[in-house]
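Q: build me a structure from this.
(chains A and B, ligands or ions: 2)
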Amino acid sequence: MVLNKRYIRNFRSNLSFFLSITILTALVVCLYVAFDSSYGVQQESFNKLLDEAQLEDAQFMTLLPIDDVQELEEKHHVTVETQPYIDLHMENSEAEVRIFAPSSAINLYRVQDGRDLESDTDILLNGLFMQRQNLEIGDSIDLDGRTYHICGEVIRTDYLFCLKNITDTFSDSDRFGIGVVKESAFVTYEKKDMATVYAVRYSDKTDVTAFRKALNEKYGTLSYVDVSNNSRIQSPKDQFDELSYTVQIILPTTMVFMVLLIAVVLGRKIKNERKMIGVLHALGYKRYELALHYSVLGAIPGILGGILGVLFSIPALAPLSDMLIEDKMEVFYKVTHITWKSSLIALVLPTACYVIAVFITALINMRGSAIDMIKGLKKNKKKRMGLRKAKLSFRTKYKLRAVFGHLPRTLLVICGIALGGTLVAFTFACVDSIQRYVDTSVKETGEFEYEYFLSSVKTGVPDKGAAVMAASFEVKDNPDLITLMGIDDTSMIHVKDSDGNEFPLDEDKFYISEMSAFAYHVKAGDTITIRNIADLKEYPVHVDGVFVNGSQSLMVASRSSVNKLLSMPENAYTLVMSKEKLPYRDSELLREVSKSSLSEALDKTINQGMKDLLMPITVIAVIISVITTYLMVNILLNESTSVISMLKVLGYRDGEINRIVTYIYHLLLPIGIALGIWLGTVLNRLNFESQTAKYNSFIENYVTPKSLLICVGITLASYVISMFLLSSKVKKVEMVESLKNNQE
Amino acid sequence: MFIEVKNAVKQYGSGESLIRAMDGVDFSAEQGEITVILGPSGSGKSTLLNMLGGIDSPDSGVIRIGKTELTSQGKSGLSEYRRKHVGFVFQSYNLIPDLTVRENVEVVADISKEPLSIDDLLETLNLAKHKHKFPRELSGGQQQRCAIARALVKNPQILLCDELTGALDSKSSRDVLMMLEKINREFKTTILIITHNEGIAGMADRIIRIHDGKIVENSMNRKKLPVSDLEI
Ligand SMILES: Nc1ncnc2c1ncn2[C@@H]1O[C@H](COP(=O)(O)OP(=O)(O)OP(=O)(O)O)[C@@H](O)[C@H]1O
Ligand SMILES: [Mg+2]
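A: Ligands and ions are numbered 1, 2, ... in the order given. So this is what the prediction gives:
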């Protein structure tokens, strides 16, 4: 068709337009493909890893060694494996390495790099430890007088987040790593230096409660950690959960909406050609021929944008997959390929949407008679907006009619500006909310600086600090743990309602933290049944109030109330809280927690990781916002060229023309910006709500004024730049040209 | 002379496809004259008129209107000139669709120093009862009269009409031309009319013929007729 020559001309004369939508398409596609692939593949391989490794369902320690594993297994339909380990010191270093023998049924190791164990002097070490110690495969390492040959890098799924103690908040690969040696090498270690945990896997037939009760009766349960409370395993999982909403919902939705927006914009562009379509139709071109002809105008930016987007996403995969796993955790898989699903969607969706939009617009525009089309008349004449007799200047009326008389266009522009800003607002709100959570949640917990968890129950009052009876409990039908605290000194922790009023710690009054209330779906007045982790004894507790604390799962009462509930001596305590450091010896303590380390841990695990990940999204979001705004202003100008050229002919100066024609959307800009920010914060709220359900942290939607300003600034700046770019376009509108093509 | 064009040249394209739209045009006219420009299609009539109106500039040559030398003006100078002195009427009316008849006229009144009364003007042009209508709601002749009102409201020194009756039937054409005649009489407005219609030439003081970018005839009309007597 001779018509085909028009493509090139059309693209050339609307270069900035087609370029913007192509780049915009490429960006949203890239964002989607890169995250979907790196996240999707990573998560899939993570699940596969856990699966293949036969990950434990729980681990426990007992007072008496389990002598008859087989009997337990048969009776309760479980698999139990004894997993002894020994901590060895690394020569010329402070570091310790926890050595395991290869397990046979549960928590199998995987050789990540290098080769498997062959001789008794071979050792596999975890990757992060090797990295921190500057060790390479092939090097040797001296542990407590023996020399080992490092034959490879290992991953144990129960040590993905390599904590020395399961209750630790930090992993420190400068000082702690894990290793696996051959069984024959492992048996040569001193038995007395070994520790033993039992790992268990349940089957469908297992009655977990019955098993645990039996376990406690026969062997005395010392500790029992469900896989969902095991941060060595959960931390990487939580990382995925933190992002799942963003990656699985927000980015794809953004892509879909942006693609739809572009489709509408393209449709509008074609509508401007209705006269041309009419002439061609009158000349005898068939409807579908014309519609197909125009479809190509949609297909090209769609295909080009899709391909570019997919290509852009490939180099982003490796750094992204690195970022997805926080640098304190074992990287178990590096994503190097994009998924078929995402690239297929990316290639098909924009093209299909654009082609359909253009095709339909072209068809609709051919509905009227050819004559009407040539004249540029619409079949069902739209009523122009009134104000015919209103005593307003024509400038005002023009602006009002341009805004309200062309509602679809106006709405499109508002939506465009809003959508462009949404993702930016979302990322800022997300970072702000987390930051505030990190900042306030630790403060909210109370005035104490140090917590000393004692290795044995004491009675009376400590020399210094406040005595606390603290114990962790399960909640019935929910493996998440809640800490019950009996305390008399309320200067240490905050037990306040949202108005700041303190709850009185009267006899038999129990209060739970907001976070627990949320996690266990209880409110003041309800009864919650907690149970001892070891013997599963149940204690129903009446909840008298919910106090502000969004980061800890806590239940608080006076010391005597708690001790009464647990049938302990009235003045027993297991924890000392203090504002200053106390000189406890290591042997007296299970562990010691300082508040600063708590906030540091929170900051490291939640804040930094999330910020790193949001960074690339923010950058792309800003570019998207700029281009969308430009596109919106572009539509307006394109549809106003005849007016602009006429005003020029009439002797209007460029500035005056701008004030009448191009500045009409100043009014809409604030609406667009406000809507965008609002949408962004809604997304943010949904994001955190979805996560709260998943892993019980309670992050409130929050945006700092500074971020608000930045969001407004970004859209405003892109608007001003677009205006600037386009007002130079106003200058370029040719008077003679536009007089020639028959305007309305 | 009020209008003076000396050796104006305007070329489009290059090489094989070079077109001399104006090929050394010399032309002048007195203030208050009605000039009719005739010539075959593509001969350069619109090009000349656009130059006189300051929409376009020649590649070389001099154009002077009154005291203003257009050819030495920059873009903003030309814009000022159009704003103060020129009224345009085109074959395609080029009204602003989002404004009513009255508002379209207001657009020009708003930037002129001493505009005529819009309502009187619309009355004169028989548009009073249509003044609150939008262009789409008018016939071609009514739209053209609105365009004339817009051109006249600033009481321009010079009125340029490019095929203003091209899209009108003979009755409407005559109405519109009578309007011009009246304006010329009342305000001594200098009027240039491009047309293909030889009949219209009868109302001219001066007739110009263009061929291939050159003026082939520039003569005074000795048998000037009132519009009512024209055969159009
Ligand atoms: N922008 C342009 N680019 C290239 N050539 C042009 C341009 N404008 C006019 N021309 C050429 O200049 C010549 C004169 O054009 P012009 O519009 O002045 O003719 P005209 O006498 O007004 O014709 P008509 O009676 O058909 O309106 C024509 O050959 C035309 O092709
Ligand atoms: Mg012409």
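Q: the residue positioned nearest the centre of chain B and B:Leu177, how far apart?
A: Nearest to the geometric centre of chain B sits B:Leu160, at 1.3 Å (C-alpha atoms, centre = their mean). Distance from B:Leu160 to B:Leu177, counting by C-beta to C-beta, to the nearest Å: 15 Å. Heads up, the C-betas are built off the backbone N, CA and C, glycines and all.
Q: same thing with A:Val111?
A: Taken as C-beta to C-beta, the span from A:Val111 to B:Leu177 is 98 Å.
Q: more neighbours, those two?
A: B:Leu177 (26 against 15; other C-beta atoms under 10 Å in any protein chain shown).
Q: which residue packs closest to that one, ignoring adjacent ones?
A: B:Val227 (4.6 Å; C-beta to C-beta, 6 or more residues apart in numbering or on different chains).
Q: what sits against the one you found?
A: Neighbouring residues of B:Val227 by C-beta atoms under 8 Å, 6 or more residues apart in numbering or on different chains: B:174, B:177-178, B:180-181, B:203.
Q: can you list the domains in chain A?
A: Domain assignment for chain A, taken from automatic domain parsing, gives A:1-60+A:233-381, A:64-219, A:394-443+A:596-744, A:450-580.
Q: how about CSV for those domains, with distance to B:Gly66 added?
A: As requested, the domains of chain A are arranged in CSV below (distance: least, C-beta to C-beta, whole Å):
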stretch, distance to B:Gly66
domain A:1-60+A:233-381, 38
domain A:64-219, 86
domain A:394-443+A:596-744, 16
domain A:450-580, 80
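Q: and of those domains, who's closest to ligand 1?
A: Nearest of those to ligand 1, taken as C-beta to the nearest ligand atom: domain A:394-443+A:596-744 at 6.2 Å.
Q: thinking the residue nearest to the centre of chain B is in contact with B:Gly53, fair?
A: Yes. Using C-beta atoms under 8 Å, B:Leu160 is in contact with B:Gly53, at 4.8 Å.
Q: residues contacting residue 91?
A: No chain in the question, so chain A it is. So A:Glu91 contacts A:142-145 (C-beta under 8 Å, 6+ apart).
Q: should've been chain B
A: B:Gln91 touches B:162-164, B:166-167, counting by C-beta under 8 Å, 6+ apart.
Q: also B:Arg209?
A: B:Arg209 sits next to B:37-39, B:215-218 when contact means C-beta under 8 Å, 6+ apart.
Q: isn't there a strand covering it?
A: Yes. According to DSSP: H, G, I helix; E, B strand; the rest coil, B:Arg209 belongs to a strand.
Q: I'd like the distance between it and chain A.
A: As for B:Arg209, its distance to chain A is 23 Å (criterion: C-beta to the nearest C-beta, to the nearest Å).
Q: so what pairs up with that residue in the strands?
A: Listed beta-bridge partners, B:Arg209: B:Leu38, B:Glu217 (assigned using DSSP bridges).
Q: next, name the residue at the spatial heart of chain A.
A: Note on chain A: the residue nearest the mean C-alpha position is A:Leu243, at 2.3 Å, using C-alpha atoms, centre = their mean.
Q: secondary structure element holding it?
A: Per DSSP states H and E: A:Leu243 is located in helix A:231-245.
Q: what parts of chain B come near chain A?
A: Proximity of chain B to chain A (C-beta under 8 Å from any C-beta of the partner chain) is limited to residues B:50, B:53, B:55-56, B:76, B:79-84, B:86, B:88, B:90, B:92, B:94-100, B:103-104, B:106-108, B:110-111, B:132-136, B:150.
Q: kind regards, and thank you for your time.
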